[in-house]
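Enquirer: Only the shape, not the letters, is given here:
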């Protein structure tokens, strides 16, 4: 799954150089405030946000998750099943990043992973015959970008350290694997339910609501969460995000890493049976009413 910034470009001229790079691969690039094209990439964005991007940006701006999403993002569907995604909003009538100021990036210290990677692209791939997810890197070379002409070379690994990407990749890795797993599964998994899509949206982009969710009686009826762990999740958003991804993977793909109460399954079956019985009774009542209308008229 690519998390790279992709400024618009003519269809016949892809900016992506089709050479896969490894961590020890060397490439030539340097961006700095004195370069003539400085911030040009920020004026033409198509930037997908990750779960950790949302966490960092909403805290940077002193907003709740829902406030940040409502003000600064644009929703889109990541696949044909409607898997919810978010892109960074642009200034009205332009393709310019909403956080770009006259001085530069207004959220620079907490800028998204894609901004940190540029002019590298990063993609999570599962290679044929392997169940492991690997990172692939490649150069993104826009015509307007003069950074490629700078006489400065570094390895991919060095560039990642310079841009503070270790933390972002660590925190985004589980989320990216889930998306790749969904895409790779294809028809075998089928279309997610509306409830699953809502859960994905909450776990990925609305940690404040997920924090409330894990404290709800309904959640505690199903999940066995020790008090000390619950408090850690309430107090530490990074721990909360990691737990949200494990919970989401368990719900979507049945990967059991969150402890469920022994009697939870029986309770859920009983609750569902009660709902089914109620619906069946409603159908019977409706059928009887229709028979009476046919017999006695309206």
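Expert: That came in fine, so what should we check first? Please read these numbers as outputs of a predicted model, since none were measured by experiment. Numbering: from 1, shown residues only.
Enquirer: Residues in contact with stretch 27-46: which ones?
Expert: 5-8, 21, 87-88, 90, 94-97, 100, 104-105, 115, 118-120, 139, 142, 144-148, 150-156, 159 (CB atoms under 8 Å, 6 or more residues apart in numbering). Placement of C-beta: from N, CA and C, glycine included.
Enquirer: distance of the residue nearest to residue 86 when sequence neighbours are not counted from residue 202?
Expert: Nearest residue to residue 86, sequence neighbours excluded (CB to CB, 6 or more residues apart in numbering): residue 73, at 4.3 Å. As judged by CB to CB, to the nearest Å, residue 73 and residue 202 stand 15 Å apart.
Enquirer: Can you give me the first-to-last residue distance of stretch 55-75?
Expert: Stretch 55-75 has its terminal residues 16 Å apart, counting by CA to CA, to the nearest Å.
Enquirer: can you map out the strands along this structure?
Expert: 26-28, 73-77, 84-88, 100-101, 104-105, 120-126, 133-139, 153-155 (DSSP state E).
Enquirer: can you put those in JSON lines and add mean neighbour count, distance to residue 62 and mean pLDDT?
Expert: Conversion of the strands of the chain to JSON lines gives the following (neighbours: other CB atoms under 10 Å; distance: least, CB to CB, whole Å; pLDDT from 0 to 100):
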{"stretch": "strand 26-28", "mean neighbour count": "15", "distance to residue 62": "37", "mean pLDDT": "96"}
{"stretch": "strand 73-77", "mean neighbour count": "14", "distance to residue 62": "16", "mean pLDDT": "97"}
{"stretch": "strand 84-88", "mean neighbour count": "19", "distance to residue 62": "18", "mean pLDDT": "97"}
{"stretch": "strand 100-101", "mean neighbour count": "15", "distance to residue 62": "17", "mean pLDDT": "96"}
{"stretch": "strand 104-105", "mean neighbour count": "14", "distance to residue 62": "17", "mean pLDDT": "94"}
{"stretch": "strand 120-126", "mean neighbour count": "19", "distance to residue 62": "29", "mean pLDDT": "82"}
{"stretch": "strand 133-139", "mean neighbour count": "17", "distance to residue 62": "32", "mean pLDDT": "87"}
{"stretch": "strand 153-155", "mean neighbour count": "14", "distance to residue 62": "34", "mean pLDDT": "97"}
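Enquirer: And those: which comes nearest residue 196?
Expert: Across the strands of the chain, residue 196 has its closest neighbour in strand 84-88 (10.7 Å, CB to CB).
Enquirer: list the contacts for residue 206?
Expert: Residue 206 makes contact with 65, 66, 69 under the criterion CB under 8 Å, 6+ apart.
Enquirer: now those in a markdown table, with distance to residue 260, neighbour count and pLDDT?
Expert: Converted to a markdown table, the contacts of residue 206 look like this (distance: CB to CB, whole Å; neighbours: other CB atoms under 10 Å; pLDDT from 0 to 100):
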| residue | distance to residue 260 | neighbour count | pLDDT |
| --- | --- | --- | --- |
| 65 | 26 | 22 | 97 |
| 66 | 28 | 13 | 96 |
| 69 | 29 | 21 | 97 |
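Enquirer: Which of those fall within helices?
Expert: Those of the contacts of residue 206 mapping onto helices are 65, 66, 69, per DSSP state H.
Enquirer: Does the second one touch residue 210 like I think?
Expert: Pointing back at residue 66 there. No - Residue 66 is not in contact with residue 210 according to CB atoms under 8 Å; the separation is 11.4 Å.
Enquirer: What are the buried residues along stretch 105-115?
Expert: 107, 110, 111, 112, 113, 114, 115 (16 or more other CB atoms under 10 Å).
Enquirer: what does stretch 203-218 give?
Expert: 203, 204, 205, 206, 207, 208, 210, 211, 213, 214.
Enquirer: Span of that stretch from start to end?
Expert: 16 Å.
Enquirer: what mean pLDDT does that stretch have?
Expert: Here stretch 203-218 scores 96 as its mean pLDDT.
Enquirer: How far off centre is it?
Expert: 16 Å (CA atoms, centre = their mean, to the nearest Å).
Enquirer: which stretches of the chain form helices?
Expert: 51-60, 65-72, 113-117, 156-162, 165-185, 194-205, 207-214, 217-222, 227-235, 237-253, 264-296.
Enquirer: Give me the contact list for the fourth one.
Expert: Contacts made with helix 156-162 from outside it, assessed by CB under 8 Å, 6+ apart, are listed as 21, 22, 23, 24, 25, 27, 29, 120, 137, 154, 166, 169.
Enquirer: do that again at 10 Å, thanks
Expert: Applying CB atoms under 10 Å, 6 or more residues apart in numbering, the contact partners of helix 156-162 are 21-27, 29-30, 116-117, 119-120, 122, 135, 137-139, 154-155, 165-166, 168-169.
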